[in-house]
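**Q** Build me a model from this:
(one chain, ligands or ions: 1)
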Amino acid sequence: MTVFSTHYSPLHHFTTHYSPPHRMVVTIIGIGLIGGSLALSLKEAGLAHHIIGVDRSPEHQRQAVALGLIDEPETDLAAAVRRADLVVVAVPMDAMLTVLPQVLDAATDRQVVIDVGSTKAALLARVDQHPQRDRFVAVHPMAGTEYSGPLAAVPGLFRGKTLVVCDAARSANDALARVEAVFGRLAMQLVYMDAAAHDLHTAYISHISHITSFALALTVLEKEKEEQQIFALASGGFESTVRLAKSSPDMWVPIFRQNRVNVLDVLDEHIHQLQYLRHLLAQEDYSALHQQIQQANLIKKMLK
Ligand code: NAP
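**A** Prediction:
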């Protein structure tokens, strides 16, 4: 069994007020839930005066303009990078492995590049030797919903949430300072850790929740072939537990693939817990079952 903490282990961790960066030209690559929400937040905070949007989907580009997420759609990636002060790469994790190196190929010492990806070790290994590696700051906003695309963008998504900054020592000082200033202005709490620790902790607090939600949805769909009955009986408990199962496979398969070893480890522990609960119920050991649930209730102390 793996010993773990549901808390991050930051190298340092602070919420100081940073001096704001100048009003920037921002290029966002992948204008979906996270890219679009970041566009709204940067505009609202007065940090971006012009946002260029790059997306492989022309329909998403059109929607992003119509929704006011971006000021200008662009199809030439290198041109969009060179015109920006800040470049945000917000594509799914499989695309991230090819798009981020292309962005760094086009970047000069004027640009700061961030990703917002949910896994870090494979991505950071991919750009480890890139000549422009120090213009890149790896971040993961711990905020999101189960919806995708520009229509899913929401204002204020990041306010009060945690931003994990990974392998910060590999970024140039000015690049890191700009990123700290931007996300400090968005009222995020910055936490610093290395990529391996990030991937381990997110396997526990995010990736396992998604995989168990997918499994729960599949279980109920298999047992309850009469869809109408699910709707009729669905209550708050079921809805909140299964909410994440609405998340897109395009988003989650690449995350599970890139964090496979950690997710397998967490899944083994989770299956063990399920089997134990099953065993107690099969044996009618209600006293032990009571104890296990009491033990699970300790999560209340960790989550506000
Ligand atoms: P999303 O809503 O699906 O948006 C991603 C956008 O990128 C889509 O418009 C997609 O177009 C586009 N895209 C895909 N491949 C591309 C490429 N090669 N070049 C340009 N655009 C491309 O996804 P999201 O939820 O915002 O997630 C974006 C990133 O944030 C991911 O790396 C994810 O791990 C991370 N993240 C997600 C959450 C969350 O809760 N969802 C939270 C924190 C971080 P198509 O739809 O046509 O593919």
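**Q** Around the ligand, pick out the residues from the chain.
**A** Selection of the chain residues close to the ligand by Cβ under 6 Å from any ligand atom yields 29-35, 54-57, 60, 90-93, 95-96, 99, 116-118, 140-141, 144, 148-149, 152, 250-251, 255. Using the backbone N, CA and C atoms, a C-beta is placed for each residue, glycine as well.
**Q** Give me the buried subset of those.
**A** Among the residues of the chain next to the ligand, the ones that count as buried by 16 or more other Cβ atoms under 10 Å are 29-35, 54-55, 60, 90-93, 95-96, 99, 116-118, 140-141, 144, 148-149, 152, 251, 255.
**Q** Show me what counts as buried in stretch 205-214.
**A** Neighbour-count burial for stretch 205-214 flags Ser206, His207, Ile208, His210, Ile211, Thr212, Ser213, Phe214 (criterion: 16+ other Cβ under 10 Å).
**Q** nope, stretch 181-199 is what I meant
**A** Buried positions in stretch 181-199, judged by neighbour count with 16+ other Cβ under 10 Å: 181-186, 188-195, 197-199.
**Q** avg pLDDT for that stretch?
**A** The average of the pLDDT scores along stretch 181-199 is 97.
**Q** Ok, stretch 129-141 next?
**A** Stretch 129-141 comes out at a mean pLDDT of 98.
**Q** From the opening residue of it to its closing one, how far?
**A** Stretch 129-141 has an end-to-end distance of 25 Å (criterion: Cα to Cα, to the nearest Å).
**Q** Run the chain-centre distance for it.
**A** Taking Cα atoms, centre = their mean, to the nearest Å, the mean C-alpha location of stretch 129-141 is offset from the chain mean by 17 Å.
**Q** Check stretch 65-73 too.
**A** 22 Å.
**Q** Do you know the pLDDT at Glu59?
**A** pLDDT, Glu59: 97.
**Q** Which strand or helix spans it?
**A** helix 58-66 (DSSP states H and E).
**Q** same check, this time on Lys300
**A** Secondary structure from DSSP H and E places Lys300 in helix 299-302.
**Q** For that helix, list the C-alpha coordinates in CSV.
**A** Taking Å, rounded to 0.1, in the frame of the first residue of the first chain, the C-alpha atoms of helix 299-302 are listed here in CSV:
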residue,chain,number,x,y,z
ILE,A,299,-11.8,13.3,5.1
LYS,A,300,-14.1,16.1,6.6
LYS,A,301,-11.1,17.5,8.5
MET,A,302,-9.0,17.7,5.3
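**Q** That one packs against which elements?
**A** If you count contacts as 3 or more Cβ pairs under 8 Å, 6 or more residues apart in numbering; DSSP states H and E, helix 299-302 packs onto no helix or strand.
**Q** List the contacts of the closest residue to the ligand within the stretch 101-250 of the chain.
**A** Using Cβ to the nearest ligand atom, the single residue of the stretch 101-250 of the chain nearest to the ligand is Gly144, 1.9 Å away. By Cβ atoms under 8 Å, 6 or more residues apart in numbering, the contact list for Gly144 reads Leu33, Ile34, Leu157.
**Q** same deal with Pro155?
**A** So Pro155 contacts Ser37, Leu40, Ser41, Glu44 (Cβ under 8 Å, 6+ apart).
**Q** Can you select the buried ones among the residues you listed for me in PyMOL?
**A** Those of these that count as buried under 16+ other Cβ under 10 Å are selected in PyMOL with:
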select buried, resi 37+40+41
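**Q** which one of the contacts of Pro155 is nearest Leu244?
**A** The shortest approach to Leu244 among the contacts of Pro155 belongs to Ser37, at 17.6 Å (Cβ to Cβ).
**Q** Give me the number of neighbouring residues for the closest residue to the closest one other than its chain neighbours.
**A** Spatial nearest neighbour of Ser37, chain neighbours left out: Leu157 (4.1 Å); criterion: Cβ to Cβ, 6 or more residues apart in numbering. Neighbourhood size, Leu157 [other Cβ atoms under 10 Å]: 20.
**Q** a helix runs through Leu157, doesn't it?
**A** No - under DSSP: H, G, I helix; E, B strand; the rest coil, Leu157 falls outside any helix and is assigned coil.
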